[in-house]
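Q: have a look; sequence and predicted model below, questions after that.
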Protein chains: 2
Amino acid sequence: MSRRSGILEFAVLGLLRESPMHGYELRKRLNTSLGVFRAFSYGSLYPCLKTLVANGWLTEEPGNTAEDALSAPLAGRRAKIVYRLTADGKEHFEELLAQTGPDAYEDETFAARFAFFGQTSRDVRMRVLEGRRSRLEERLEKMRASLARTRERLDDYTLELQRHGMESVEREVRWLNELIESERVGRDQRRPGPPAPERQDATETSGGRTAHRGESSRPDPSEDTAT
Amino acid sequence: MSRRSGILEFAVLGLLRESPMHGYELRKRLNTSLGVFRAFSYGSLYPCLKTLVANGWLTEEPGNTAEDALSAPLAGRRAKIVYRLTADGKEHFEELLAQTGPDAYEDETFAARFAFFGQTSRDVRMRVLEGRRSRLEERLEKMRASLARTRERLDDYTLELQRHGMESVEREVRWLNELIESERVGRDQRRPGPPAPERQDATETSGGRTAHRGESSRPDPSEDTAT
DNA sequence: ACACCCATGTAAGGTGTTACATGATTAG
DNA sequence: CTAATCATGTAACACCTTACATGGGTGT
């Protein structure tokens, strides 16, 4: 009820796919790896985790994360919760990644999906990149039309803002073209290894390792209380 | 209370400064002139107008807009409301435009202010442009630092996303540099204006927020029921 | 002793959207 | 006369943030 998210839910599933984590750690990763385009607070994260559990996509186990697991016997310890992706959750995540549909190519939705490209097949990647591109081209056309209609009524600054906006979009289109070309040519995105033979798992093409994701970005990626 | 906005309130005041309008027309202007970076629905606009009136920044008068004012004597006509900026509203708007302070240089806040640059002094424009630039430079430094910390743990796609994000920011910084230079040189923005240093050639500066973040974002800035 | 990161949560509120409800005016 | 566009609003709900409340662990 009520507290589903879109992007947050998706990102949580994606991060947990790599390894189980505490909410706390999840939030840090969200605001670093993915923080290029978005930041989240506990006030949205914890409630979101609850509903993901309720949906059967995650399990919550008391305890510590692998590293310090063997130490103290968590007897009277404070409630620490490790979230882990279930098989259903995995499946759900993959569906989300592969989703087509109009909302799938908006700015943030696209960026979120792109960040997890390492976990899909080339087919899906191509589809998403092309979907994003045509979304942007639509946008450009509308901007051009509207600019043509109203150019003379606008002052120089408004005009400059629109020009700049359009150039930004055009630039992203060029970026997408490059990425699409790379995919077509077959540049293997997947780090060091050989082509990564498909796993036994049915829908799963991603294979092995996606390493860890990193950090970067937002106003203050280092910690929350800031800027 | 409750229904104040930030950016919406600001944009409404700015548009009404030019001329009185109906809510309906306001919304259209919001989604075209300013639509480059943001779109709004009636569900937020009308409530916002109410509170602006309550604050004494607008007046509402029944009737039509100047053009068709002289026709029908609005006898049993439907409630049509013309909103007009008061002196207080004007003052308030100018304060908002000139505001310094940490929130003043975020993506959307800045874009909104920029769109109304034609209504301020060069001093304010310079201050805002420089504020935005240092905001972005902060951001870049953090992104670089965090990237340096974690580069090896990232997969190619996440890395590419971050690289592209940083380039977008760098591009906006270059754009700001040009604008600041233009202001310094004294290119007069207001109205017909002389040259405004050509830029469409080679270097192709510009660019900015793009990719992630809002820009135009909304499916259909031209009209509502669409896409 | 104190500070500071770890860690989990909730309540209230801000800021918006969608879908609905209503009706006038204009153009084909 | 019918469709589109003009025009105003409300109710429900989505999604997030801030500020609060609570407490454990580690380093100086």
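A: Sure thing, it's come through.
Q: for the rest of this, base every contact and every neighbour count on C-alpha atoms.
A: Noted.
Q: could you chop chain A up by domain?
A: When chain A is parsed with automatic domain parsing, its domains come out as A:1-99, A:121-188.
Q: lowest mean pLDDT across these, which one is that?
A: Confidence, taken as mean pLDDT, is least for domain A:1-99 of those (a mean of 84).
Q: near DNA strand C at all, that one?
A: Yes. Using CA under 7 Å from any atom of the strand, domain A:1-99 reaches DNA strand C at A:22-25, A:42-44, A:46-47, A:64, A:79-82.
Q: quick one, what contacts the residue of chain A most remote from its centre?
A: Distance to the chain centre peaks in chain A at residue A:152, reaching 40.6 Å (criterion: CA atoms, centre = their mean). Applying CA atoms under 8 Å, 6 or more residues apart in numbering or on different chains, one finds that residue A:152 lies in contact with no residue.
Q: from DNA strand D, how far off is it?
A: 19 Å (CA to the nearest atom of the strand, to the nearest Å).
Q: export the domains of chain A as a markdown table, with columns for distance to residue B:127.
A: Formatted as a markdown table, these follow (distance: least, CA to CA, whole Å):
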| stretch | distance to residue B:127 |
| --- | --- |
| domain A:1-99 | 26 |
| domain A:121-188 | 16 |
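Q: check which helix or strand covers the residue nearest the centre of chain A.
A: Central residue of chain A (CA atoms, centre = their mean): residue A:112, 2.4 Å from the mean position. Taking DSSP states H and E as the definition, residue A:112 sits inside helix A:107-115.
Q: wait, does the helix or strand following that helix contact DNA strand D?
A: Using DSSP H and E, the next helix or strand after helix A:107-115 towards the C-terminus is helix A:122-150. No. If you take CA under 7 Å from any atom of the strand as the test, helix A:122-150 misses DNA strand D, and the best it gets is 13.7 Å.
Q: and stretch A:100-119, by the same measure?
A: No. Stretch A:100-119 stays clear of DNA strand D (CA under 7 Å from any atom of the strand), getting no nearer than 9.4 Å.
Q: that stretch: how far from the chain's middle?
A: 7 Å (CA atoms, centre = their mean, to the nearest Å).
Q: ok, stretch A:58-66 next?
A: Computed by CA atoms, centre = their mean, the chain-centroid distance of stretch A:58-66 equals 23 Å.
Q: which positions within that stretch qualify as buried?
A: Burial within stretch A:58-66, assessed by neighbour count using 16 or more other CA atoms under 10 Å in any protein chain shown, is assigned to A:58, A:59, A:60, A:63, A:64, A:65.
Q: wait, does that stretch contact DNA strand D?
A: No. Using CA under 7 Å from any atom of the strand, we find that stretch A:58-66 stays clear of DNA strand D, coming within 10.5 Å at best.
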